[in-house]
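> Mind folding the following:
(chains A and B)
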Amino acid sequence: MGDLIEVRALTRFFDLGGNQFVHAVDKLSLTIGEREIVGLVGESGSGKSTLGKTILGLYDKTDGEVIYRGGVLPQKYRPTDFQQLATKMQMIFQDPYSSLNPRMTVGEIIGEGLRLHFNISESDVKEQVVDWLQKVGLQADHMSRYPHEFSGGQRQRIGIARALILEPEFVVCDEPISALDVSVQAQVVNLLGELKETMGLTLLFIAHDLSMVRYVSDRMAVMYLGSLAELGKANDVYFNPKHPYTEVLVGSNPEPDPEFEKGRVSTSIQGEIPSPVNVQSGCRFANRCPKVLGVCREKTPELVPMKGEDRLVACHLVS
Amino acid sequence: MTANKEDTNVRPSLLIVEDLQVEFDTYGGTVQAVRGVNFSVDQGQTLAIVGESGCGKSVTVQSIMGLIPAPPGRIIAGSARLRGHEILGRKTVGGGEIRGAEIGMIFQDPMTSLNPTMKIGDQIAEPLKVHRGYSARNASLEAVRLLELSRIPEASKRARQYPFEFSGGMLQRAMIAMALSCKPSILIADEPTTALDVTIQAQILDLMLELQKETGMAIILITHDLGVVARMADEVAVMYAGKIVEYGSANDIFYRSAHPYTVGLKEAMPTNDPARQHELKPISGSPPDLFAPPAGCGYCSRCPYAMQICSESPPQNNGLHDHHSASCWLHHPRSGIKPDTLFFGDAL
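Numbering: from 1, shown residues only, chains lettered A, B, ... in the order given. As a prediction, this is how the structure comes out:
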């Protein structure tokens, strides 16, 4: 299994003016293998969505590079770059209410990519749109309807069909299930799983539901304030976390099991994720970390492999 | 009425809700949002009402709080008695105000539930002045004390700030401070942590449990997250299509699930217990149209166990043991199925 995507020291700052920058993604490195699902978790404000969008070129890179199949992607996308890469990489957005154009019919939304990227007859577009509507569990006659006529789960399926009709290799799913009810979440997750098998998709699955990410992903990446805290096999990271932040996240994740929940000692930590503006040196988690050492406030820990384990951890306690 | 524990020999419940029915008039017709809901809450206990969007869980508690706008809303039947006094459709009980004084409430989105143009401390002080007759000076001192109670650091400085200067977690703490200002006997929390990160969620849930221990208040927690239910609830009511379909202790609901919908919810979410790993099983179909609710069981079109009678007449509430009950024909004494084989708890 080769690497499909390699992210090297990727950095994305947002300029606030007055020499202030939001360090949304800061020298982050990550590889995603072919046909792999990498789950990305972290609190809001940790930079998960920015990472996904910067990888796809929806945001310009401040620094670093993204390598796709050995080729370096442009630092700043021009329209022609989008034109070329949209058939390879796509995104499924978080909010199924604001990510579909309310003035276009579902058929126009799903078929737009085909019309733009391929010299294809209108009847072929229609045929493929119908095919995809059925693949995602909708009906052919939904084509002529508008987004407001659908429920949240149905809209998320429209978003999935829109992204996948171009048969991309790599898809960033930005919180594809957070807006949905439990029973519908399972439908969408199973659908993504099936399509991954049949189409050979590679996914970056961004979510804050740890149980769902563990269930869906091959590997899990834990992000905190713009950089990775831990990366490893999803089950290993969840059941045997090495970074204190991962421990806190897992320990805060409520399990649907009353005896377990009522028996467990509260592991909640004080404080909240600090502002990503002008981050100081040292470990970013130091001021909330229950196991903080002196060195943590001085030196920034690198994301390094753990001895004898298929795991990367950025923590002075481990390295 | 197995939901009410009047028959047991303990003191009567703090709040007893019986046969609550609520409708809304819309251009499309009348929505029967709540179709006969019964439950009770005891002092110091937490009742969780679980269900998916549109099942009527928020409307149920809003009716109790008198927050249903009328028109278009209408409470067409039922009663809610607080310590024996009817409160539905009333503003006061025994001379005291219900809303904000007897029952406090916190909401899902603290950002839009607070007044953006008023300082946090003033907003917390307001109910104290209105309901308890505090002077302005005492009310603001009390507001600072309440912020401290909600574990907000630098409370006196924070009291002079506006909502936009607070993070989501801090705002929810401020909301809790406000809801508890008049020492209510019941705190209603409508999806209090849905908008928050898991780490902040854990802090808020811990805070609610601590304050419950200190004050002995009852909590009615509305949520769709079974993990939150497992952490917080003593009793659980599972709602579907405007009705409570299963009611019982948290252990009954999780380990001895009796209604196919409860089983469906559990099978649709992943578990991290290695012994209970399973494939996610979505619930097919969608909830019934509450403009014209089905004649029989609301869940029957999605239920893998549906029988002919399920689509014809609504199931009665069948008691199982203690006060665990389920509205399901499978549990009817004449269904011919042994009750033991109907506990799906081991299905996972």
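
> Tally up the residues packed near the residue in the stretch 1-150 of chain B that chain A sits nearest to, please.
Closest residue of the stretch 1-150 of chain B to chain A, CB to the nearest CB: B:E52 (4.1 Å). (Glycine included, C-beta is placed from N, CA and C.) By the criterion of other CB atoms under 10 Å in any protein chain shown, B:E52 has 21 neighbours.

> residue ranges for the helices of the chain, please.
All of this refers to chain A. Ranges of helices within chain A are A:48-55, A:79-85, A:106-117, A:122-135, A:152-164, A:182-199, A:210-216, A:234-239, A:244-252, A:258-263, based on DSSP state H.

> not what I meant, chain B
Along chain B, counting by DSSP H, helices occupy B:57-65, B:110-113, B:120-132, B:136-149, B:155-158, B:168-179, B:198-215, B:226-232, B:250-255, B:260-268, B:308-312, B:339-342.

> Just the CA atoms of the fifth one, as CSV, please.
Output for helix B:155-158, consisting of C-alpha atoms alone and laid out as CSV, is shown next (Å, rounded to 0.1, in the frame of the first residue of the first chain):
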residue,chain,number,x,y,z
ALA,B,155,-16.0,35.5,38.7
SER,B,156,-16.2,39.2,39.6
LYS,B,157,-14.4,40.2,36.5
ARG,B,158,-16.4,37.8,34.3
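
> so how far is that helix from its chain's centroid?
Put simply, helix B:155-158 sits 31 Å off its chain's centre (CA atoms, centre = their mean, to the nearest Å).

> same question, the third one
Centre-to-centre, helix B:120-132 and its host chain are 25 Å apart (CA atoms, centre = their mean).

> before we move on, what about the first one?
Here the centre of helix B:57-65 is set off from its chain's centre by 8 Å, with CA atoms, centre = their mean.

> any residues touching it, and which ones?
Contacts with helix B:57-65, where a contact means CB atoms under 8 Å, 6 or more residues apart in numbering or on different chains, come from B:15, B:17, B:20, B:22, B:33-34, B:37, B:49-51, B:68, B:73, B:75, B:80, B:87-88, B:98-99, B:103, B:105, B:188, B:190-191, B:220, B:222, B:239.

> ok, back up a step: surely the residue of the stretch 1-150 of chain B closest to chain A and B:P287 touch.
Yes: here B:E52 reaches B:P287: they are 7.1 Å apart, a contact under CB atoms under 8 Å.

> Now the common contact residues for the two.
B:Y240.

> got the buried residues for stretch B:268-287?
For stretch B:268-287, the neighbour count (16 or more other CB atoms under 10 Å in any protein chain shown) marks B:A268, B:M269, B:P270, B:T271, B:N272, B:L280, B:K281, B:P282, B:I283, B:S286, B:P287 as buried.

> what about it and chain A, touching?
Yes: part of stretch B:268-287 sits near chain A under the criterion CB under 8 Å from any CB of the partner chain, namely B:A268, B:M269, B:P270, B:T271, B:N272, B:D273, B:P274, B:L280, B:K281, B:P282, B:I283, B:S286.

> Output these as TSV; include the columns pLDDT and distance to A:V38.
Shown next, in TSV, are those (pLDDT from 0 to 100; distance: CB to CB, whole Å):
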residue	pLDDT	distance to A:V38
B:A268	90	24
B:M269	89	21
B:P270	89	17
B:T271	86	22
B:N272	84	19
B:D273	81	24
B:P274	76	22
B:L280	88	19
B:K281	89	25
B:P282	87	24
B:I283	88	28
B:S286	80	32
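
> how close does the closest residue to the residue of the stretch 1-150 of chain B closest to chain A other than its chain neighbours sit to B:S53?
The shortest distance from B:E52 to any non-neighbouring residue, by CB to CB, 6 or more residues apart in numbering or on different chains, is to A:D181 (4.1 Å). A:D181 sits 6 Å away from B:S53, going by CB to CB, to the nearest Å.

> Please apply the same query to A:D63.
A:D63 is 42 Å from B:S53, where distance means CB to CB.

> got it, and A:V216?
22 Å.

> Would you mind listing where chain B has pLDDT under the threshold?
Chain B contains residues with pLDDT under 70 at B:1-11, B:95, B:338-348.

> Go through the residues of it and report the one nearest to chain A.
Closest point on chain B to chain A, by CB to the nearest CB, is B:G227, at 3.0 Å.

> count of residues packed around that residue?
When counting by other CB under 10 Å, one arrives at 22 neighbours for B:G227.

> go on, A:H148?
9.

> Contact partners for it?
Contacts of A:H148 by CB under 8 Å, 6+ apart are A:P102.
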